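Visitor: Sequence isn't available, so here's the structure alone:
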């Protein structure tokens, strides 16, 4: 099953769920009404009659009953009062420990009730929520495109290009989609706006899927021994935060994790990583501000060997204004790592801020020229309307997205899943034809 087929199935399932629930509730209500009517007792129209011999006045009944009841109650009171007092005393002694147990049970239940309920959220739900702004913007642009729709002509295809470029899917991708759309519209004889919109989305998904053949989105974790990951990126993109969140996830998974604060030039970078280390309960290897980053990495590698750590995450500087110095610095760090671990680093992850759109694309291109980037980390995807940048990154840079930030929580950094991304972005944009 292709990626677009999965998207259509998710769209169809979402459309069908609500009507089914309504029908079921109506059926249940009707059934309950029928059951209620069938359970009612029949109302008799006949009046009960009594024989004349059995009729007695209310005064006669009271006069015959009262003396007997009085005598009986007196006898019962005299005989049982002592027995009841004795039983009550013994029951109070037996109930005392039971009362304590009940009281303790109530206290436990009250404590549980006061604890906040933690709702489990699936990864797909995180994508749906995180891509809400991008989905909304994309839908608004589509609405504008088809607001003055008259016919599928050359002017329309030019507007499609402008719409896609504005949605941050990239210039090259937009041109390619428009060209394929020209051919496909004629081939299928598509005329209705809903069908044209669905065809645009189908082409976007098909191109995204085709460009991703052979792409590996999983992180290159070593089954045995130490895994070393370098993180690069300009200031302010969420690099240190992403390292802290990833360290937390690996720590929770039972891994032995170390952090290396090798971004020694940015003010506050070391202290920030130390704070994240405390939150994740992970040790941070650090040096002095302005010190040699390679020396910090050397100390971290030695420490990782001594502690038999599973994962070492290295925070490095990312100063694009001096490409030559950056390249020399990263090369030096790599040589230090490879002295201890010949096949490392196993990942060089470039961290990009998704809210910057095409600016993130420019950063990726420059870093790709400077160092051997193995994958991308897209942060703040939940806070942007420019999630279409993921399409441009794959189609134009051919770099795999490995991690995405879908929230501000410590557990909101997720391994990138292309299927979940496509469904989260386009599911609400398909139209019924």
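Guide: Great, that's in hand. Owing to the predicted nature of the structure, the values given are computational and were not obtained by experimental measurement.

Visitor: Which parts of the chain are strands?
Guide: If you assign secondary structure with DSSP state E, the strands in the chain sit at 227-232, 257-261, 283-285, 311-315, 347-353, 375-379, 401-405, 413-415.

Visitor: I'd like these as CSV, with distance to residue 324 and mean pLDDT appended.
Guide: All C-beta spots, glycine's among them, are computed from the backbone N, C-alpha and C. Formatted as CSV, the entries for the strands of the chain read as follows, by distance: least, Cβ to Cβ, whole Å; pLDDT from 0 to 100:
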stretch, distance to residue 324, mean pLDDT
strand 227-232, 15, 96
strand 257-261, 23, 97
strand 283-285, 27, 97
strand 311-315, 21, 97
strand 347-353, 18, 95
strand 375-379, 23, 95
strand 401-405, 27, 94
strand 413-415, 32, 93
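
Visitor: what's the residue closest to the geometric middle of the protein?
Guide: Compute the mean C-alpha point of the chain, and by Cα atoms, centre = their mean the closest residue is residue 126, 2.3 Å away.

Visitor: Contact partners for the residue lying closest to that residue once chain neighbours are set aside?
Guide: Excluding its sequence neighbours, the residue lying closest to residue 126 (Cβ to Cβ, 6 or more residues apart in numbering) is residue 406, at 4.5 Å. Applying Cβ atoms under 8 Å, 6 or more residues apart in numbering to residue 406 gives the contacts 126-127, 129-130, 381-382, 412-414.

Visitor: Model confidence score at residue 406, please.
Guide: Per-residue confidence (pLDDT) for residue 406: 90.

Visitor: Ok, residue 166 next?
Guide: What the model reports for residue 166 is a pLDDT of 87.

Visitor: what about it, how many residues close to it?
Guide: Neighbour count for residue 166, taken as other Cβ atoms under 10 Å: 15.

Visitor: Residue 146 versus that one, what's the distance?
Guide: Plainly put, residue 166 is 15 Å away from residue 146 if you go by Cβ to Cβ, to the nearest Å.

Visitor: now do residue 359
Guide: Applying Cβ to Cβ, one obtains 29 Å for the distance of residue 359 from residue 146.

Visitor: Could you do residue 134 as well?
Guide: Separation of residue 134 from residue 146 (Cβ to Cβ) stands at 19 Å.

Visitor: Next: residue 260.
Guide: 52 Å.

Visitor: got it, and residue 432?
Guide: Distance from residue 432 to residue 146, by Cβ to Cβ: 14 Å.

Visitor: Compare these two (neighbour count), which wins?
Guide: Comparing residue 432 with residue 146 by neighbour count (other Cβ under 10 Å), the higher total belongs to residue 146, at 16 against 8.

Visitor: Could you double-check that that one sits in contact with residue 195?
Guide: No: the pair residue 146 / residue 195 is not scored as a contact, 11.1 Å apart, by Cβ atoms under 8 Å.

Visitor: Residue 314 contacts residue 263, doesn't it?
Guide: No: at 9.1 Å, residue 314 and residue 263 do not qualify as touching, with contact defined as Cβ under 8 Å.

Visitor: Contacts only, for the residue nearest to residue 317 when sequence neighbours are not counted.
Guide: Distances taken as Cβ to Cβ, 6+ apart place residue 263 nearest to residue 317, at 4.7 Å, with adjacent residues excluded. Contact analysis of residue 263 by Cβ under 8 Å, 6+ apart lists 239-240, 269-270, 273, 293, 315-318.

Visitor: If any of the residues you listed are buried, put those into a PyMOL selection.
Guide: The PyMOL command for the buried members of those (criterion: 16 or more other Cβ atoms under 10 Å) is given here:
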select buried, resi 239+240+269+270+273+293+315+316+317+318
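
Visitor: what would the contacts of residue 263 look like in TSV with distance to residue 254?
Guide: Converted to TSV, the contacts of residue 263 look like this (distance: Cβ to Cβ, whole Å):
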residue	distance to residue 254
239	25
240	24
269	28
270	27
273	22
293	30
315	23
316	27
317	31
318	31
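
Visitor: Next, give me the two most distant ones among the contacts of residue 263.
Guide: Across those, the two members that end up farthest from each other (Cβ to Cβ) are 270 and 318, 15.1 Å apart.

Visitor: Around the residue lying closest to residue 403 once chain neighbours are set aside, how many other residues sit close by?
Guide: The shortest distance from residue 403 to any residue that is not its chain neighbour, by Cβ to Cβ, 6+ apart, is 4.4 Å, and that residue is residue 377. Residues contacting residue 377 under the criterion other Cβ under 10 Å number 27.
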